[in-house]
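Undergrad: No sequence on hand, only this structure:
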């Protein structure tokens, strides 16, 4: 896919918002392969302003790290409401819907373990040895580890139950959850 400058994106978004041309006509006018790209830019602009159009690739900024729980919440929201990646990203104040798509693919292939942050690079070869933990510290950390694992299994179990309900009757399931999502979004608009 071609890279577009932030100024170019802003120009097209403003032309869409201020003019009679739709997504497909603007895409033809400027030689953009698909009108959905412009739709994505317009939605990002509406949600985040001018900053929504830029890829934040600064050297000073490090990659945002999301917790496993946050990733599960995002995926669960998307499954329950039937929201698109773009709508889900806007709901959770994220600028890149493609990140959610990657989480979804990873979750389907690897489960919750795939959503955990992986260390990158080669491990350190320093000669320093870590001090050994006492038995009491090991027991406490083991208990915390089991509690954490138990919570993840509960979440996975709840997710699988909802997935089964969706697979058994997708239309009824989606209709039920879309109504709930729309009611909640209307409540937010009133506040």
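TA: Thanks, I have the structure now. Computed from a predicted structure; not experimentally measured.
Undergrad: Point out where the chain drops to low pLDDT.
TA: For the chain, applying pLDDT under 70 flags the ranges 1-2, 55-63, 126-139, 173-174, 177-191.
Undergrad: What helices and strands are in contact with the helix ranked longest in it?
TA: In the chain, taking DSSP state H as the definition, the longest helix is helix 135-168. Secondary structure elements in contact with helix 135-168, counted by 3 or more CB pairs under 8 Å, 6 or more residues apart in numbering; DSSP states H and E, are helix 68-81, helix 112-115, helix 170-190. Placement of C-beta: from N, CA and C, glycine included.
Undergrad: middle-most residue in this structure, spatially?
TA: Nearest residue to the geometric centre of the chain (CA atoms, centre = their mean): residue 100, 3.1 Å.
Undergrad: next one: phi and psi at that one?
TA: Note on residue 100: its backbone torsions stand at phi -70, psi -40 [degrees, to the nearest 10].
Undergrad: list the contacts for it?
TA: Shown in contact with residue 100 (CB atoms under 8 Å, 6 or more residues apart in numbering): 74-75, 78, 85, 88-89, 94.
Undergrad: Give me the buried entries from those residues.
TA: Buried by 16 or more other CB atoms under 10 Å: 74-75, 78, 85, 88-89, 94, out of those.
Undergrad: Pick out whichever of those sits closest to residue 172.
TA: Checking the buried ones among the contacts of residue 100 against residue 172 with CB to CB, the nearest one is residue 78 at 18.3 Å.
Undergrad: who's in contact with the nearest residue to the closest one once chain neighbours are set aside?
TA: Closest residue to residue 78 apart from its sequence neighbours, by CB to CB, 6 or more residues apart in numbering: residue 88 at 4.5 Å. When contacts are counted by CB under 8 Å, 6+ apart, residue 88 touches 74, 77-78, 94, 97, 100.
Undergrad: Thanks a lot, catch you later.
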